[in-house]
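**Student:** Dropping a prediction and its sequence here:
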Amino acid sequence: MTLLSRTRLPLAALCAVAACSAGNNTGPLSQGLLTIVSGNNQVAPVGTVLQPYRVKVSDQNGSPVSGVYVHWQVNGGGGSINPDSAISDASGISSAIATLGSTAGMQAVTATLNGYSGSPVPFHSQGTTGQAFSVLSGGNNVPERYTSDLWVADGFAYTGTWGQRAALGNAVKIWRLSTSGAPILADSIITPSIVTVSDVQVSDDGKWLVFTAEGGGSNGNPGLHVYELTAPGTAVFRAKVNIPEGLHTGTVARIGGTLYAFTAKDPPNCALRIYDLSAAATGSITPASSTPIPDNYCIHDTFVRDGYAFVFAWNEGLYIFDVGNGSHGGSVTTPVQVSRTAGFGGETHNGWWFWNPVSGEKKYLFIGEEGPGAVGASSSGDIHVVDVSNLAAPTEVAHYHLTGAGTHNFWIDESNQRLYAAYYNGGVVALDISGTLAGDLASREIARIKPGGPNDTYVWGVMMYNGALYASDMVSGLWQLGVP
Amino acid sequence: MTRPIIPRFVVIPVLLVLARPAAAQQAPWASVMGQAIGVVTSVERAPGGKGMTEARLTQPMMMLHAGALNGHLRFTGTLNVEGQTIPKGELLPGGWGEGYNDRRHPHTYAHELMVSGVDLLGGLGGVRFSVSAGKGFVPFGSDDPMSRPVYRYPVNHHLSQLLERGVAIAGVRAGPLSLEASLFNGDEPERPGQWPLLSRFGDSWSARVTLFPIEGVEVSGSRAKVHSPEHRPGAGTDAWKWHAAVRLDRAAVGGRMYALGEWGRTAEANGFFVFKTLLLEGSYRRAGHLGYYRFERSDRPEDLRELDPFRSIRPHLENSILGTTRFTLHTIGYGYEIAMADGALALEPFIEGTIGSARNVGGGVLTPEILYGSTQVRALSGGIRLGWRMAGHRMGRYGDLLGPVPIASHHHAM
């Protein structure tokens, strides 16, 4: 044993005594702390490129440390990590992207920064095989109410409620997601004198929980409700707008950096009503504009992207408004109609403008048609794929039909070119939407699942989060699903 | 206020009739009738599961029937003030229509305003041709329950009758057969003071054929297409309706016997929903005593209820329902009529009970268990009918196309 080695041993012992090991405490010899930020516990098919893993480097005072290289390494389960050494940015964040191995099972990855407490930080993600959904957790967890819309953000899920069961649909449920992503009911927001929470969304910065309500009339509380998320899952009421007729949906989006709610006013006198939420913290919601839409069953949903509002207005069809893109001189205060196209089976209900990161194309708008149904038992309506290369002249190019069921809301995993559709009594359907889409898309179906079983499934909405698909089922509650 | 519709095809034949030399002239005439019912109704389970009892003044109305031009011009008007006496509707387990559930909706103030040209061809070739226009009943289905023995409105009211529309009717009676055809606006009223949408006139049609094989017996069949009945602007789907009925009303065993058997089917949303009804009722009146019974099995579509569980969300936003409830009900009742003022005024205390069940058919999220906490239906009504010159009144037909023998309803011949 050399003098150097004899010296290292006591130092190592001293480190051990000083708790220089993985953990949250910074020991006296530690330069700082390495902590996990996001990306852990993803579930995806084998070979999938996962969402980025992120860690934060902080000094002993908790301030971010930039310019240090964090070492990333796959320790088991196959696959790869890229890069294997990533420098921390101004926020102290170092990130890398893992690709799952070719065999099903757990992949283990570590982020290591010597001399920092908490290092190495472990990441585990699950690779699945086969083209099948799986139920990971949740379900049968809202027995007293029917469940409506959902949104998942920052480790929490938020679900609305609907109509009359043992209790009225006047609640927004707040779910904490466990380390495996399982929803655990943490809290509820009860709004008196409404019948339905018709739409739920969290803003992109995670600061605002916005929901719309129906029922109760002029003596109730239908309209727009805005809560500040002072922390994920902690909602504090800030402002509301009472609309006696109710709002059917509300889509939260930024135009020019300002947060707006694009809402669908119920009849009579249907309208696209846009509200400025920038002063919601002070209790103020400012109307930006109101664009009348004929009462041909009115607006059912709005999708906003790149300064365009895609308004899905039942028998009126699809309206496209410039609400800030500027291509047609429109703004949120003066929306300019780019086009109106009827058709798509009628009963135009919702949609998603797909920006394909693989092909770079932005040509497809997916539209859901909500046909007649007996809620809880039956449904109808197809997915229509519309070429919007020319926004002034949308043209249907493809469709998907599921016999015995109809589509409701959907979510697109754009990086993986997949559409996940809530299909009411048909459960959840996954479609491959890569490449050119034309005609009948039946062959593009990847898998489907009825999370509540054949007699207890009526899925309202779906949303991807951390590699899992969360589904809000009207009769069987909130589910966490593994995707094929 | 919308003016009643009097199309040219009514006016011109009337003028032709006027131009014909008259033989024995009939003087113009007018007859005023009316009725009102004071009733107490108690139900074992209302929406929410609790019992409920209400006292109301129902069916308060005045009717004016008038004739001129030697009987070739006829007017039928009914003023109904239920909008004042039952603005929130009448307690009625299983009842539905116009946004009311488990309550019967109040009828419009101008319940009927119909002008008819009767026998415009003067009986040429043994054929009586009539036209009618205005606001009133569409020639479809059976008589309005207001003029039938059973007090309780049936669950199938909106499956077996089409009422309070702007309608134009052409009718032909030849011997024992009559045929009626009509155009009308599909929209139902949303409140008592509302008039039909003129812009929608003609978006719906109906036809009814009636056979009178022997005196006091009618056999009828009806077909109708009603566009967007529950969405006034017209975005709703079409309701395609069938109806068949056999009706008996004649003297028997020293008294008067009445019976009705009807079947109906309504398909909506291109057949996605189908609602059916079967109803059998009968009564016997003698020496002032009236006994009656009704069996009914009818479907009710369930809508999303408001905070007020007796009201549905209106206007509709989509074409879905929350399920279908099938009501199987037995109703039995007794009344005793006290005639006064030489029979012009009739006072009839009555009592009536209903027992039966309500079951979900075909699935859905709004079931009787959720609505009432039970599948059992029990109700009791008692009250007094007051009628003025209501004898022989039937509601739902115009143009003098009925059989020659005056038909008595619960308003027996006084």
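**Tutor:** Thanks, I have the structure now.
**Student:** list the contacts for whichever residue of the stretch 51-200 of chain B sits closest to chain A?
**Tutor:** Chain A sits closest to B:Glu190 of the stretch 51-200 of chain B, with a gap of 10.2 Å, by CB to the nearest CB. Backbone N, C-alpha and C define where each C-beta goes, glycine included. B:Glu190 sits next to B:Glu98, B:Gly99, B:Arg232, B:Arg314 when contact means CB atoms under 8 Å, 6 or more residues apart in numbering or on different chains.
**Student:** Need the worst-confidence member of these.
**Tutor:** In terms of pLDDT, the lowest of the contacts of B:Glu190 is B:Arg314, showing 82.
**Student:** Report the spatially closest residue to that one, excluding sequence-adjacent ones.
**Tutor:** Excluding the flanking residues, the one nearest B:Arg314 by CB to CB, 6 or more residues apart in numbering or on different chains is B:Gly99, at 4.3 Å.
**Student:** So which residues on the stretch 101-250 of chain B come close to chain A?
**Tutor:** Contact residues, the stretch 101-250 of chain B versus chain A (CB under 8 Å from any CB of the partner chain): B:His231, B:Pro233, B:Ala235, B:Thr237.
**Student:** export the contacts of B:Glu190 to TSV and tack on neighbour count and secondary structure?
**Tutor:** As requested, these are arranged in TSV below (neighbours: other CB atoms under 10 Å in any protein chain shown; DSSP: H, G, I helix; E, B strand; the rest coil):
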residue	neighbour count	secondary structure
B:Glu98	21	coil
B:Gly99	21	coil
B:Arg232	24	coil
B:Arg314	17	coil
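**Student:** Now do the residue nearest to B:Arg314 against A:Gly307, distance only.
**Tutor:** Per CB to CB, to the nearest Å, B:Gly99 is found 40 Å from A:Gly307.
**Student:** Residue of the stretch 1-150 of chain B nearest chain A, please.
**Tutor:** Closest point on the stretch 1-150 of chain B to chain A, by CB to the nearest CB, is B:Pro47, at 8.9 Å.
**Student:** Identify the residue nearest that residue in space, chain neighbours excluded?
**Tutor:** Of all residues not flanking B:Pro47 in the chain, B:Pro309 sits nearest, at 3.6 Å (CB to CB, 6+ apart).
**Student:** same deal with A:Asn350?
**Tutor:** A:Asn350 sits nearest to A:Asp301 (CB to CB, 6+ apart), 4.0 Å away.
**Student:** before we move on, what about B:Leu278?
**Tutor:** Here the residue nearest B:Leu278, using CB to CB, 6+ apart, is B:Arg297, at 4.9 Å.
**Student:** List the beta-bridge partners for that neighbour.
**Tutor:** B:Leu278, B:Thr328 (DSSP bridges).
**Student:** Just confirm it contacts B:Thr277, I think it does.
**Tutor:** Yes. Between B:Arg297 and B:Thr277 there is a contact under CB atoms under 8 Å: 7.1 Å.
**Student:** okay, those two: which has more neighbours?
**Tutor:** Neighbours were counted for B:Arg297 and for B:Thr277 using other CB atoms under 10 Å in any protein chain shown; B:Thr277 has more, 25 against 17.
**Student:** mind listing what B:Thr210 touches?
**Tutor:** With CB under 8 Å, 6+ apart, B:Thr210 has these contacts: B:Leu177, B:Ser178, B:Leu179, B:Glu180, B:Glu218, B:Val219, B:Ser220, B:Leu401.
**Student:** what are the pairing partners of the helix or strand containing the third one, and which direction each?
**Tutor:** Spelled out, it's B:Leu179. Secondary-structure assignment from DSSP states H and E places B:Leu179 in strand B:177-184. Looking at strand B:177-184 with DSSP bridges, its partner strands are strand B:165-174 (antiparallel), strand B:204-211 (antiparallel).
**Student:** before we move on, the earlier item: please report how far the residue of the stretch 51-200 of chain B closest to chain A lies from A:Asp440.
**Tutor:** Computed as CB to CB, the B:Glu190 to A:Asp440 distance reads 42 Å.
**Student:** hmm, back to that, out of the contacts of B:Thr210, show me where the pLDDT dips lowest.
**Tutor:** Within the contacts of B:Thr210, the minimum per-residue pLDDT falls on B:Leu401 (66).
**Student:** hey, where'd the helices end up in the stretch 101-250 of chain B?
**Tutor:** Assigned by DSSP state H, counting those that start in this stretch, the stretch 101-250 of chain B shows helices spanning B:157-160.
**Student:** Let me see the confidence value for the residue of the stretch 1-150 of chain B closest to chain A.
**Tutor:** 96.
**Student:** hang on, isn't it packed against B:Tyr372?
**Tutor:** Yes. Between B:Pro47 and B:Tyr372 there is a contact at 6.6 Å, judged by CB under 8 Å.
**Student:** Just the element for the closest residue to chain A within chain B, please.
**Tutor:** Closest residue of chain B to chain A, CB to the nearest CB: B:Gly363 (2.9 Å). Assigned by DSSP H and E, B:Gly363 falls within no helix or strand.
**Student:** Provide a list of residues in contact with it.
**Tutor:** By CB under 8 Å, 6+ apart, the neighbours of B:Gly363 are A:Ala374, A:Gly376, A:Ala377, A:Ser378, B:Gly323.
**Student:** Take the residues you listed and keep only those in strands.
**Tutor:** Per DSSP state E, strands hold no members of the contacts of B:Gly363.
**Student:** wait, what's in contact with residue 186?
**Tutor:** The chain I'm using is chain A. Contacts of A:Ala186 by CB under 8 Å, 6+ apart are A:Phe156, A:Ile174, A:Trp175, A:Arg176, A:Gly233.
**Student:** my question was about chain B
**Tutor:** Counting by CB under 8 Å, 6+ apart, B:Gly186 has contacts B:Arg165, B:Arg200, B:Asp203, B:Ser204, B:Val226, B:His227, B:Ser228, B:Pro229, B:Gly234.
**Student:** redo that, cut-off 7 Å
**Tutor:** Neighbour list for B:Gly186: B:Arg200, B:Asp203, B:Ser204, B:Val226, B:His227, B:Ser228, B:Pro229 [criterion: CB atoms under 7 Å, 6 or more residues apart in numbering or on different chains].
**Student:** of all these, which comes closest to B:Pro93?
**Tutor:** B:Pro229 (22.7 Å; CB to CB).
**Student:** Quick check: phi and psi on that closest one?
**Tutor:** phi -70, psi -30 (degrees, to the nearest 10).
**Student:** For it, give its distance to B:Arg165.
**Tutor:** 9 Å.
**Student:** Of these two, which one has the most company?
**Tutor:** Using other CB under 10 Å, the more surrounded residue of B:Pro229 and B:Arg165 is B:Arg165, with 27 against 23.
**Student:** right, and the more buried one touches B:Gly134 too?
**Tutor:** No. Proximity of B:Arg165 to B:Gly134 does not meet the contact threshold set by CB atoms under 7 Å, at 9.7 Å.
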